[in-house]
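**Student:** My questions are about this predicted structure, shown below with the sequence.
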Amino acid sequence: MTLNFPNASRSYDETRNLVRFWGYDSTLEISFLIEMSALCKLKPQTSNLEADSLEVFDAAWEQILEAARKVYTRGRCGPYLLAAADF
């Protein structure tokens with residue numbers, strides 16, 4: 001089975017300054033993290049505020065999922081980190 005994202009939930013991690021989200025490979029939950037640098041690449045002048053980060057994440061959902069599928073390697077333990085270089 002391929003990686004899919006049936007649930008669009010995400011959360012902002014203020015301590016690490018990134019956004020967390022989850023995908024599924026069959027019944028396995030796969031954790032992903034996206035760095036602020038990646039969100040800023042998707043939309044320059046993004047602030048480090050939670051609301052701005054989540055707004056950019058939501059607007060770039062399809063691009064983020066595409067990048068997540070590229071970095072995902074079955075069998076490797078997560079979480080998978082998406083950085084600016086992945087976009």
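**Tutor:** The structure has been received and is ready for your questions. Note that the structure is a prediction, hence the values are computed from the model and not measured. Numbering: from 1, shown residues only.
**Student:** For Met86, give me the pLDDT.
**Tutor:** No Met there; residue 86 is Asp. If you check Asp86, the pLDDT there is 94.
**Student:** OK, contacts around it?
**Tutor:** Asp86 makes contact with Ala38, Ala67, Lys70, Val71, according to CB atoms under 8 Å, 6 or more residues apart in numbering. Quick note: C-beta positions are derived from backbone N, CA and C, even for glycine.
**Student:** Tell me the spacing between the closest residue to the second one other than its chain neighbours and Ala8.
**Tutor:** To tie it back to what came earlier, the one meant is Ala67. In space, Ala67 comes closest to Asp86 once its chain neighbours are excluded; the distance is 4.5 Å by CB to CB, 6 or more residues apart in numbering. Distance, Asp86 to Ala8, using CB to CB, to the nearest Å: 19 Å.
**Student:** residues contacting Leu54?
**Tutor:** When contacts are taken as CB under 8 Å, 6+ apart, Leu54 is in contact with Arg10, Tyr12, Val19.
**Student:** Run through the strands of the protein in chain order.
**Tutor:** Remark: strands assigned in the chain by DSSP state E are 3-4, 10-13, 18-25, 28-35, 80-82.
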